[in-house]
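**Student:** using only what follows, build the 3D model:
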Amino acid sequence: MIHNNTWRRDSELLNDNDNFKFNLSKIFLVLFFFMSTSFAMQAATIEDFSRHPQYLNIKISPDGKHIAALVNRDGVNALVFFETKTSKITYSISSDRGEQPGEYYWVNNERVIIQVEQLRGSLEQPLNFGELYAVNYDGSKRKMIYGYRSHNSSSGNAGFLLDLLPDDPDNVLIITQKFSRKSDVLAKVDKLNVYNGKGNYVTRAPIPYSHFLVDNAGIPRFVAGIDENAKQQLFYIKEKGDKWQRFGEEFEGTFTPVAFSKNNENVYALKSTDGNAEGLYKYNLVTKEETLLFRSELVEPTYIMQSSLNEIYGLRIDEDYPRYIYLDESNKDAQLHKALYGAFKSDSIDITSKTADKKNIIVKVSSDRNPGTFYLFDTTTMTTKHLYSQVPWLKPNDLSPLEPFRLTSPDGLTINGFITLPKEKKANLPTVILPHGGPHARDYWQYDPQVQMLANAGYAVVQVNFRGSTGYGKKFMEAGYENWGTKIQDDILLATKYAIQQGVADKNKICIFGVSFGGYSALQSAIKSPELFKCAIGYAGVYDLPMLYEEGDIESFKWGDAYLDKTLGTDKTKQIEQSPVYNVDKLKAAVLLIHGEDDERAPLEHAEKLRDALDEKGHPYEWLTKNKEGHGFYDEDNILEANTKILSFLEKYIGT
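**Tutor:** A predicted model of the protein is given here:
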């Protein structure tokens with residue numbers, strides 16, 4: 001996926017090679033840095049968990065001669081180009097006039113297009129206004145090819161990459177949308193020349209908030225969007241020039257296209273008819289026959305793995321630990337991925353880019369104790385060169401493993417989560433319950449700086465994928481509807497009690513802490529079970545559910561009211577019953593509130609109203625807000641101050 005409003009097929013492809021065999025014993029790890037990086041051999045500190053990653057991404061050019069790396073330098077991004085063989089830097093783009101490079105893409109052997117991020121403005125976090133900048137690896141032919149500062153007709157429009165068009169090295173497909181106060185403006189697709197910025201109209205979405213899927217001829221064939229009733233609608237065209245038509249109305253349940261086969265007669269789709277986890281199907285658009293390729297009883301595929309335009313060779317599943325399902329064991333790319341997965345001892349394996357001849361690939365390896373390490377893998381010599389670690393100042397031995405668990409709720413739902421223990425003590429620990437945001441999101445077995453910071457400070461950490469979380473099927477997600485303050489919190493409390501029963505948590509030293517919806521859960525759980533929690537930390541939380549209809553960016557969407565009615569229910573009395581603001585009289589836990597003053601998702605008014613209610617009841621609390629910060633802090637100094645405040649607060653109330 002390139003942009004959160006698009007589908008995308010993998011256009012950096014590997015060619016088949018009958019002589020290409022993978023043997024785990026032949027993979028040697030040749031480790032060395034392309035940039036000198038030094039760090040002191042000492043235990044991790046709070047500062048280490050408060051910094052942005054130093055290295056963000058790395059991609060190789062289609063001919064394999066150059067590599068581009070996105071690097072964080074003193075809090076600002078730079079894009080560095082260097083020769084693959086010599087590591088000699090050919091060009092570097094750094095912050096200029098309050099802007100920085102964001103996500104980027106090789107479009108041919110010499111040229112990269114970049115999403116520009118603005119550093120100026122009212123927020124600390126960089127903003128993407130849909131500007132596209134293009135440059136060659138040697139710094140030549142620099143040009144703003146799309147956006148309000150370009151010299152083309154795109155002034156007033158935002159553009160985001162949709163497809164790289166691998167058979168057309170001079171052009172890409174982009175999604176464009178006018179800047180407008182109306183949130184339901186229809187997006188369109190343009191073909192954009194990456195050298196001169198000239199564009200040609202391709203199609204327009206028939207519905208707002210749209211996601212496109214492009215076939216192997218570069219034609220947008222599917223588009224999904226959200227109607228005013230907060231329901232997703234799917235449209236399809238049979239071939240270029242046709243009008244968009246509704247698709248899938250004959251299907252029961254969900255149907256989400258993810259890729260086309262080579263002849264475009266088949267589409268791969270995630271599908272479920274019973275509301276349980278979606279499986280991966282191959283669906284023939286001509287005969288309407290379908291074939292189930294894989295389905296888990298618990299979770300939906302995290303993503304598919306595609307080696308060429310007609311080959312989906314596998315998928316990733318995150319039931320507990322991540323695992324990979326290889327649909328065709330004879331596929332060369334499946335063999336390669338499986339060998340790498342074994343060589344790196346079952347860590348997560350992601351391929352960020354590939355050369356056109358299949359000889360070199362960039363591999364990102366990550367885990368619960370590895371934020372991410374990039375390697376250059378030569379498929380001819382079967383050797384791996386270490387390029388860089390995303391967070392080089394942290395070492396795996398400094399971090400703690402995440403251990404998955406599963407529970408069954410009283411009404412029969414499978415609830416999974418993770419427990420992370422500090423390195424020294426393993427039982428009867430002061431414990432932090434850490435519910436995720438969303439609520440339509442989920443936790444994975446992966447590196448999390450907050451989890452590791454808390455474990456490093458001596459706390460056990462409990463994460464739980466409560467009902468309402470995504471990735472477990474529509475039925476599981478909808479089980480959280482109208483139950484934000486009731487059954488969702490029951491799932492969180494079930495995990496809390498499990499940690500106590502297992503001897504992990506000291507029942508007299510438990511605090512709950514969360515961000516966004518997790519901040520809401522921290523306060524609501526502490527109200528629902530006042531004797532259980534000694535303290536509660538709400539970070540960027542919502543605390544007054546009826547206020548969501550009046551304040552925040554959800555209300556700016558045409559479907560905002562319908563979404564809130566569906567997820568919260570329309571009974572205002574029940575909304576008030578599930579709002580911490582109106583129930584502080586039941587609260588016994590000490591409270592810490594952290595909030596950005598410019599938060600649009602959960603406006604500061606939520607925290608201020610809760611603060612006023614606490615003042616009225618004389619309930620103790622601590623308070624930290626920051627100007628120019630939005631939904632979660634971005635400035636590293638502010639992150640450090642918040643983390644310091646959190647650890648000090650925890651030490652005060654549950655100690656280590």
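
**Student:** gap between the closest residue to V286 other than its chain neighbours and A217?
**Tutor:** Nearest non-adjacent residue to V286, counting by C-beta to C-beta, 6 or more residues apart in numbering: E265, 5.4 Å away. From N, CA and C alone the C-beta is placed, and that goes for glycine too. E265 sits 12 Å away from A217 when distances are taken as C-beta to C-beta, to the nearest Å.

**Student:** please apply the same query to V223.
**Tutor:** Taking C-beta to C-beta as the measure, V223 and A217 are separated by 16 Å.

**Student:** settle it for me: which of those two has more neighbours?
**Tutor:** For V223 and A217, the more surrounded residue by other C-beta atoms under 10 Å is V223, and the numbers stand at 25 against 13.

**Student:** I'd say that one and W244 touch.
**Tutor:** Yes. Taking contacts as C-beta atoms under 8 Å, V223 lies within contact range of W244: 6.7 Å.

**Student:** need the residues touching each of these two.
**Tutor:** A205, P206, F235 (C-beta atoms under 8 Å, 6 or more residues apart in numbering).

**Student:** okay, now G541: neighbour count?
**Tutor:** Counted with other C-beta under 10 Å, G541 comes out at 28.

**Student:** enumerate every residue touching it.
**Tutor:** 514-520, 522-523, 593, 595, 602, 606-607.

**Student:** relative to Q450, how far out is the closest residue to K425 other than its chain neighbours?
**Tutor:** Closest residue in space to K425, ignoring its immediate chain neighbours: G458 at 7.3 Å, by C-beta to C-beta, 6+ apart. Separation of G458 from Q450 (C-beta to C-beta) stands at 15 Å.

**Student:** check D320 too.
**Tutor:** 20 Å.

**Student:** about what we covered before: helices - which of the contacts of G541 land there?
**Tutor:** Among these, the residues falling in helices (DSSP state H) are F517, G518, G519, Y520, A522, L523, H606, A607.

**Student:** who's in contact with the fourth one?
**Tutor:** Contacts of Y520 were listed using C-beta under 8 Å, 6+ apart, and they are W484, G514, G538, G541, V542, Y543, P580.

**Student:** distance check, the first one against H440.
**Tutor:** By that I understand W484. 11 Å.

**Student:** pretty sure D333 sits in a helix.
**Tutor:** Yes. D333 forms part of a helix when assessed by DSSP: H, G, I helix; E, B strand; the rest coil.

**Student:** which residues touch the closest residue to T273 other than its chain neighbours?
**Tutor:** In space, and not counting its chain neighbours, T273 is closest to G253: 4.1 Å by C-beta to C-beta, 6+ apart. If you count contacts by C-beta under 8 Å, 6+ apart, G253 has them with K271, S272, T273, D274, G275, K474.

**Student:** what would those residues look like in CSV with secondary structure?
**Tutor:** Listed next are the contacts of G253 as CSV, based on three-state DSSP:
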residue, secondary structure
K271, strand
S272, strand
T273, coil
D274, coil
G275, coil
K474, helix
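
**Student:** to what extent is V365 buried, counted in neighbours?
**Tutor:** 21.

**Student:** go on, R323?
**Tutor:** 14.
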